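Visitor: The sequence and its predicted three-dimensional model are supplied below.
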Amino acid sequence: MIDLSRRGFLAWAALALGEAACGCSSVQQMAKNQPAAVPIYVPSIELSPFSEYHPFAQERQHALDDRLLGMYITEPLSINELLLSNLLLGRGPIQKPVNNPVMSVEVSDMHQFETDVLRAAAELGYTKQAIQTMPIHDAVLTSGKIVAHQLDYAHGMISDAEKERPESPEAYMYLTLLEALTGIDKRNEMAKQIDNAPDDIIFAKRQGICRNYAGVNAAVFSVLKKLNPGLKNTYMRYYSPEDIGHSMALPHAWNMVTTLEDTAAGKKLQVTYVDPTWLDTRRKTARNDGEMHNGGEEEMYNALDNAHFGEGSFVAQVYLAQLYEALGYEQRMYSERFTVPRPVLGRYLSHAFQQRIGLCERLIQRSSESTIHLFQDSFRAAVEDMTHKDVSIFLKFGNDMHLMKGEEVENLRRIYTTAMQHDPLLVTRQEISLLDWQSGNGQDKDKLVAHQVKISPDTLFRKVMQEYTQQQHGENNR
């Protein structure tokens, strides 16, 4: 399978969708017809393990300027789905598959559900009055404890067909796409019955697996949120791995929790991840070996860890960079619902660049055979974020449309130099895949043919410095 960067693939997809759905002239006309975009503040986003997640409760409701970011923190959407929403010109988010209703909060009888949640809370020693004044951290933990207390893990929901998984990401992607297109459903009848039930019914019947635990946890937290005014700006949503390789390694679901804070320095999002299934079962479900663990409740509930996001939780840091990149994707300027001005897109990409540079720094310190590819992928993405171009286009045509910032160039130089001193393989090994467009042969000589090639960060860095030197000379000659 051709390994394209997210920006490279989406540039192709945007072109294809634009031609097929609207035509280039229609897209341009849509851009002309856009209302003036309002100023949008780009918030900082911080990831914290649950033990360090202690945001301040603010009873005044805050709102995010960016609706697309607001969708991501409140709805069970993946980063790829945000990108596809951009490509479809913001005509509505991509819908989740119909066989996954557990991803959204659905309650059939809210009054009875609230009664059941408060009853379970009382059994754990929490009064309604205590819930009404709980700090955010404690309320998030209480929600998970209520779910863990109420639900029992239903091993019978997992069918034999679901246990058979392809060995390669390519095969997994093909199988997933095939099942989505053909409507193949590998779940057994027990799983279908539980999955299709509203969250309050699952809570009452007390059975589920990880996807149900995560869905019910979001529903329970919504009850606590109604009671506690200090939770107004905190959101809990269903969460599962964003990447195919991650999903293969950990076919699991948990929750993402986000609090929006309004500080003197501006708006800030504090994000953590929690796992109500592990809080209940006390076992490493990634290995599913039944091994019991004696950690405290906060440790077991925390999902920003190596088990959920790989060594050093690096995958979570990659996802944050990808989120910034999705929010800064150029196609948003043509969106009907999520339009933002170009300077805002640039600020998102600056955040993405900083996130990529920080990740590269951590990967240098943890340099190993398993982290080289991750380092090179982040180095490549950093170059794309600072040039606003896919590296394939940048290497072939240079950087004539966007001026690189001196500060970002120096940060990239620092990472390159540090990596070369610490472990030269980080920057000299050729593991960055891209497409090289060349003229065809024979009857195809008038056509451009794509060839997959691999380059090193060293090649990219030298091209950056060459283009930046030319940029400086151009500025000095003006």
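Guide: Right, received. Where do you want to start?
Visitor: Return the distance of the longest helix along the chain from the chain's centre.
Guide: Across the chain, the helix with the greatest residue count (assigned by DSSP state H) is helix 342-365. With C-alpha atoms, centre = their mean, to the nearest Å as the basis, helix 342-365 stands 15 Å off its chain's centre.
Visitor: Could you tell me which other helices and strands it packs against?
Guide: Secondary-structure packing of helix 342-365 (3 or more C-beta pairs under 8 Å, 6 or more residues apart in numbering; DSSP states H and E): helix 314-327, helix 372-387, helix 406-422. Heads up, the C-betas are built off the backbone N, CA and C, glycines and all.
Visitor: possible to save these as CSV with mean neighbour count?
Guide: Formatted as CSV, the helices and strands packed on helix 342-365 follow (neighbours: other C-beta atoms under 10 Å):
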stretch, mean neighbour count
helix 314-327, 23
helix 372-387, 24
helix 406-422, 17
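Visitor: got those helices as TSV, with mean pLDDT columns?
Guide: Shown next, in TSV, are those (pLDDT from 0 to 100):
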stretch	mean pLDDT
helix 314-327	95
helix 372-387	95
helix 406-422	96
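Visitor: out of these, nearest to residue 188?
Guide: Of all the helices and strands packed on helix 342-365, it is helix 314-327 that lies closest to residue 188, at 30.5 Å by C-beta to C-beta.
Visitor: can you give me the angle the closest one makes with helix 372-387?
Guide: 20 degrees (axes from the mean of the first three to the mean of the last three C-alpha atoms, to 10 degrees).
Visitor: contacting residues around helix 314-327?
Guide: 6-7, 45, 47, 66, 68-69, 72, 79, 82-83, 86, 242-243, 246, 271, 273, 304, 308-309, 345, 348-349, 351-352, 355-356, 358-359, 362-363, 371, 374, 377-378, 381, 384-385 (C-beta atoms under 8 Å, 6 or more residues apart in numbering).
Visitor: I'd like the distance from that helix to the chain centre, please.
Guide: Distance, stretch centre to chain centre, for helix 314-327: 6 Å (C-alpha atoms, centre = their mean).
Visitor: Phi first, then psi, for residue 75.
Guide: Backbone dihedrals for residue 75, given as degrees, to the nearest 10, come out at phi -120, psi 150.
Visitor: Ignore what I typed, I meant residue 136.
Guide: Here is the backbone geometry of residue 136 (degrees, to the nearest 10): phi -60, psi -50.
Visitor: isn't it right next to residue 59, touching?
Guide: No: Residue 136 is beyond contact range of residue 59, at 11.8 Å (criterion: C-beta atoms under 8 Å).
Visitor: Pull up the overlap in contacts between those two.
Guide: Counting by C-beta under 8 Å, 6+ apart, the common neighbours of residue 136 and residue 59 are residue 230.
Visitor: Settle it for me: which of these two has more neighbours?
Guide: The residue with more neighbours, out of residue 136 and residue 59, is residue 136; 21 against 10, by other C-beta atoms under 10 Å.
Visitor: wait, what's in contact with that one?
Guide: Residues near residue 136 by C-beta under 8 Å, 6+ apart: 53-57, 230-231, 234, 259.
Visitor: immediately after the lowest-mean-pLDDT helix or strand in the chain, which helix or strand?
Guide: In the chain, no helix or strand scores lower on mean pLDDT, DSSP states H and E than helix 24-32, which sits at a mean of 37. The C-terminal neighbour of helix 24-32 among helices and strands, as given by DSSP states H and E, is strand 44-47.
Visitor: gap between the following helix or strand past that following strand and the chain center?
Guide: In the C-terminal direction, the helix or strand that comes right after strand 44-47 (DSSP H and E) is helix 67-74. Offset of helix 67-74 from its chain centre (C-alpha atoms, centre = their mean): 11 Å.
Visitor: Contacts for helix 67-74, please.
Guide: For helix 67-74, contacts defined as C-beta under 8 Å, 6+ apart pick out 43, 63-64, 77, 79, 82, 85-86, 90, 93, 235, 237, 256, 258, 260, 269, 271, 323, 327, 332, 337-338.
Visitor: Mind giving me the PyMOL select for those, buried ones only?
Guide: Selection of buried members from the contacts of helix 67-74 for PyMOL, criterion 16 or more other C-beta atoms under 10 Å:
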select buried, resi 43+64+77+79+82+85+86+90+93+235+237+256+258+260+269+271+323+327+332+337+338
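Visitor: Can you pick out the ones from the contacts of helix 67-74 that are in strands?
Guide: Among these, the ones falling in strands (DSSP state E) are 235, 237, 256, 258, 260, 269, 271.
Visitor: Run through the bridge partners of the fourth one.
Guide: Beta bridges link residue 258 to residue 235, residue 271, judged by DSSP bridges.
Visitor: Test my guess that it contacts residue 221.
Guide: No: Residue 258 lies out of contact with residue 221 (C-beta under 8 Å); the separation is 11.7 Å.
Visitor: where's residue 456 relative to residue 447, distance?
Guide: Using C-beta to C-beta, to the nearest Å, residue 456 is found at 29 Å from residue 447.
Visitor: With neighbour numbers in mind, choose between these two.
Guide: Using other C-beta under 10 Å, the more surrounded residue of residue 456 and residue 447 is residue 456, with 18 against 11.
Visitor: these two touch, right, that one and residue 428?
Guide: Yes: in this structure, residue 456 is within contact of residue 428 by C-beta under 8 Å, at 5.4 Å.
Visitor: Now do the domain split for this structure, please.
Guide: Domain assignment of the chain by automatic domain parsing yields the ranges 44-314, 341-440+447-476.
Visitor: Confidence-wise, which of those domains is weakest overall?
Guide: When the domains of the chain are compared by mean pLDDT, domain 44-314 comes last with a mean of 85.
Visitor: Pull the contacting residues for the nearest residue to residue 134 once chain neighbours are set aside.
Guide: Distances taken as C-beta to C-beta, 6 or more residues apart in numbering place residue 228 nearest to residue 134, at 5.9 Å, with adjacent residues excluded. Going by C-beta under 8 Å, 6+ apart, residue 228 touches 131-134, 139.
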